[in-house]
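Asks: I'd like to go over a predicted model; first the sequence, then the structure.
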Amino acid sequence: MLDRRDFLKAAGVTVVGSAIATPGSASADVTVAAEPPQTAFLDANPRWVVKPFPLHRVSIANGTIFAEKRDRVLNYASAYSVDRVLHNFRVTAGLPTPAGSSPPGGWDDATGNLRGHFSGHLLTMFAQAYAGTGSTVYLDKVNQVVAGLAQCQTAMAGRFSHPGFLSAYPETQFIQLESFATYPTIWAPYYTLHKIMRGLLDSYLLAGNTQALTVVTKMGDWVAQRLNALPRATLNRMWSIYIAGEFGAMNEVMADLFALTGQQKYLTAALCFDNRQALFGATLANTDTLTRLHANTHVPQFLGYLRVFDQNGVADYRTVTENFFRMVVPNRMYAHGGTSGTWPAATGLPANTNPELFQPRGNIAGSIGGNGAETCTTYNLLRVARNLFFHDTNAAYMDYYERGLVNHILGSRRDANSTSSPNVTYFFPLQLGSVRSFGNTGTCCGGTGLENHTKYQETIYFRAPDHSALWVNLYIGSTLQWTEKGVTIAQATDFPRAQESTLTVTGNATFALRLRIPQWADGFRLFINGVEQTGTKTPGTYLQVSRSWVSGDTVRVMFPFKTRSESTLDQPSVQSLRHGPLILGAISTATTLRNFSLYANAKLDGRLALTPVAGSTNQFDSNGLRLRPVYLGDTQAHHLYVRRNEPTIVFGTRSSGVPNRLSGTQTFLDAVWVAAPFASHAAFMTQVTNVGNTWRSRGLLSTTEQTAVTNAAQAAEPDLRP
């Protein structure tokens, strides 16, 4: 554990008392670190088996879809007034507000019970924007907001129970929570506090503003003195109160404060947020009790539990997080990576009309009739998956991360500029024929949306703790400055609008390169300096290449997208259409599932050969509908799911004329194609024969019908070639 001053010294920060000195800030005592403290903070984590690079070491390449989405948010960030960020805090502190100043708006208005939360997200956005671009426009905003918050904290001292208190409203809501007040009398006071503290921690870690660390440490003192004195029974009940007891990832920020300072009281306070009554014990026992729990209340708690494990090493905190994640992914996961939704009444299952609640385990098709898939829940699930990977380099975590990122998160930002609106989604709707609604000033998803699109680079590359290996997790156009190895890695690709990527090494170093082979990437190919590498390349794993790299070495990977259908867990005939990593939405205003016939397009390698739309990347026409990737951020009505409808057994252009009968949950064609890909047409014919024999033994095919099916499959050989 680093002493605070040792930590700051290691991070390259000049400490001047407890303050900092920055030109242009409202308080002229700020010094910005040459190397932001995030570098030392990440390196100091004692339990990670793989570590991320600090945000400023990775830059997103211009011309990529990630840069386009990011720049639209930066356009909003550049225009945002610092006085708006500070407005509600100044009012609460009794400080004057500049002429024309106003609150952020939405839930963060002049009187709402959640005021202050959006300001925390804005501060994180500014810090991430600075780390990602190096622009002093965002650094100046960070410094000015932090200085303003410090002034508010000083003005509030003596007026509340502890001089560290800082909020955009008085202590009233915190006091009422301890008396078990319910929503809407109060509204998630510790959730709001988490956003403010997280923004301050990000200002310190990403932008090197040590005044932010001073302010947030005082806030931590207030939290510790308040919660550490409460009995466990009181804490349990507080966190079990719907919405009022929501606390975001307060356990994460308190554990981070402990990591930064070594003061035990902060880790003790982090443990106060254990949700022992509602969820912790059940999840530890791997008992699934998530149904009807508010999804985004609980997901970030598990991020905090994992951060507690990082600091205290108590295995239960890691176990609950791993168990929880598996309860959601894939068991409550929609095709685009989201979760939560409504569902109608069914046998033993009362109806639910609140789209923010976890649906029953395995209920996917049964819960796509309403809104659902809250975007900030996916934001938090990605954070949980990422942090689990730090402890267990299972590629499945990155497969989920990629799914959520390139579908739900990319698609949550409208493809239009605005300086007055975040232009992000609250829900990424599942409702048939639904339209995405963009905006969300002052909402939870509006706030996390500002963060989503200014930190795309954070998970592209990870490293071994001793810098002996580099993980390439995502194929996103970017440049990594690996200072410790003296090399730069430049990745050239426009994924997911491209199906290959080239990494170029500048500098000489020896390390193992670990390239993720996505779960969807059949046909993955690898070339080093133009020479193709042979050997096994298994989807859903990492491929390692160890060598002494020299400046100019290139690594080219190819990952052809194949179009497949993906069945829901509860109704196999209800399926999404997946093109490589992308979910294709069917453009339609219909409010019932559209019937799709796709097996006629199936090839021996398992892909679906759809008709591409000329001049439109990743778009297709099929069954009279346009299919488009959901990363396109517009207001076209769409369906994320279709109903597979194959009335007769058909192979390519050859119809057998035989009904495609059902056995249990599988049709004849389902049973054949579940074995794809096929090594040859002969292997395919063996599968057709075997399924035909099974169906005939069950009385589902006559001898004559089986012969007709076999003849059609044999005649379709030219149509089935990949």
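Replies: Looks like it arrived, so ask away.
Asks: make it CA atoms for all contacts and neighbour counts henceforth
Replies: Fine.
Asks: which of the residues in the longest helix seen in the chain are buried?
Replies: Assignment by DSSP state H gives helix 136-156 as the longest helix of the chain. Under the neighbour-count criterion of 16 or more other CA atoms under 10 Å, helix 136-156 has 138-156 buried.
Asks: do the same with stretch 379-398
Replies: 379-391, 393, 395-398.
Asks: for it, give me every contacting residue.
Replies: Contacts to stretch 379-398, defined as CA atoms under 8 Å, 6 or more residues apart in numbering, come from residues 47-51, 296, 299-300, 302-303, 306, 321-322, 325, 400-401, 404-405, 409, 448, 452, 459, 473, 516, 518-519, 540-542.
Asks: and with 7 Å instead?
Replies: Contact with stretch 379-398 is made by 48-51, 299-300, 303, 401, 448, 452, 473, 540-542, as judged by CA atoms under 7 Å, 6 or more residues apart in numbering.
Asks: let's see which of these end up in helices.
Replies: Applying DSSP H to the contacts of stretch 379-398, the entries found in helices are Val299, Pro300, Leu303, Tyr401, Thr448, Asn452.
Asks: what's the local residue count around the first one?
Replies: When you say that, I think you mean Val299. Val299 has 25 neighbours, counted by other CA atoms under 10 Å.
Asks: quick one: contacts for it?
Replies: Thr377, Asn380, Leu381.
Asks: pLDDT weak spots in the stretch 401-550 of the chain?
Replies: The stretch 401-550 of the chain contains no residues with pLDDT under 70.
Asks: which residues of it fall in helices?
Replies: For the stretch 401-550 of the chain, the helices defined by DSSP state H, counting those that start in this stretch cover 410-411, 444-452.
Asks: which strands or helices does the longest one pack on?
Replies: The contact analysis (3 or more CA pairs under 7 Å, 6 or more residues apart in numbering; DSSP states H and E) places helix 444-452 against helix 117-133, helix 375-391, strand 424-425.
Asks: change it to 10 Å
Replies: helix 65-79, helix 117-133, helix 189-207, helix 375-391, strand 424-425, strand 438-439 (3 or more CA pairs under 10 Å, 6 or more residues apart in numbering; DSSP states H and E).
Asks: got it, and the first one?
Replies: Contacts of helix 410-411 with other secondary structure elements, assessed using 3+ CA pairs under 10 Å, 6+ apart, are made with helix 65-79, strand 424-425.
Asks: after the longest helix of the chain comes which helix or strand?
Replies: Downstream of helix 136-156, the next assigned helix or strand under DSSP states H and E is helix 172-178.
Asks: okay, buried residues for that next one please.
Replies: Along helix 172-178, these residues count as buried under the neighbour rule (16+ other CA under 10 Å): Gln173, Phe174, Leu177.
Asks: which pLDDT value belongs to the last one?
Replies: Among the per-residue scores, Leu177 holds a pLDDT of 98.
Asks: for the first one, same thing?
Replies: For Gln173, the model assigns a pLDDT of 97.
Asks: who's in contact with the nearest residue to it once chain neighbours are set aside?
Replies: Of all residues not flanking Gln173 in the chain, Ile186 sits nearest, at 5.7 Å (CA to CA, 6 or more residues apart in numbering). By CA atoms under 10 Å, 6 or more residues apart in numbering, the contact set of Ile186 is Gly112, Asn113, Leu114, Thr172, Gln173, Phe174, Gln176, Leu177, Phe180, Ile243, Ala244, Gly245.
Asks: ranges for the strands of the stretch 451-600 of the chain?
Replies: 461-463, 469-472, 478-482, 487-492, 500-506, 509-517, 525-528, 531-532, 541-549, 554-558, 563-567, 574-579, 582-587, 595-596 (DSSP state E, counting those that start in this stretch).
Asks: ok, of the contacts of Ile186, which one's closest to Gly692?
Replies: For the contacts of Ile186, the residue nearest Gly692 by CA to CA is Ile243; the value is 54.9 Å.
Asks: who are the neighbours in contact with the closest one?
Replies: If you count contacts by CA under 10 Å, 6+ apart, Ile243 has them with Thr182, Tyr183, Pro184, Ile186, Trp187, Ala188, Pro189, Tyr191, His294, Asn296, Thr297.
Asks: rebuild the residues you listed as JSON lines, extending it with secondary structure and distance to Leu625.
Replies: What follows is the contacts of Ile243, written out as JSON lines (DSSP: H, G, I helix; E, B strand; the rest coil; distance: CA to CA, whole Å):
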{"residue": "Thr182", "secondary structure": "coil", "distance to Leu625": "48"}
{"residue": "Tyr183", "secondary structure": "coil", "distance to Leu625": "44"}
{"residue": "Pro184", "secondary structure": "coil", "distance to Leu625": "44"}
{"residue": "Ile186", "secondary structure": "coil", "distance to Leu625": "47"}
{"residue": "Trp187", "secondary structure": "coil", "distance to Leu625": "44"}
{"residue": "Ala188", "secondary structure": "coil", "distance to Leu625": "44"}
{"residue": "Pro189", "secondary structure": "helix", "distance to Leu625": "47"}
{"residue": "Tyr191", "secondary structure": "helix", "distance to Leu625": "43"}
{"residue": "His294", "secondary structure": "strand", "distance to Leu625": "35"}
{"residue": "Asn296", "secondary structure": "helix", "distance to Leu625": "34"}
{"residue": "Thr297", "secondary structure": "helix", "distance to Leu625": "38"}
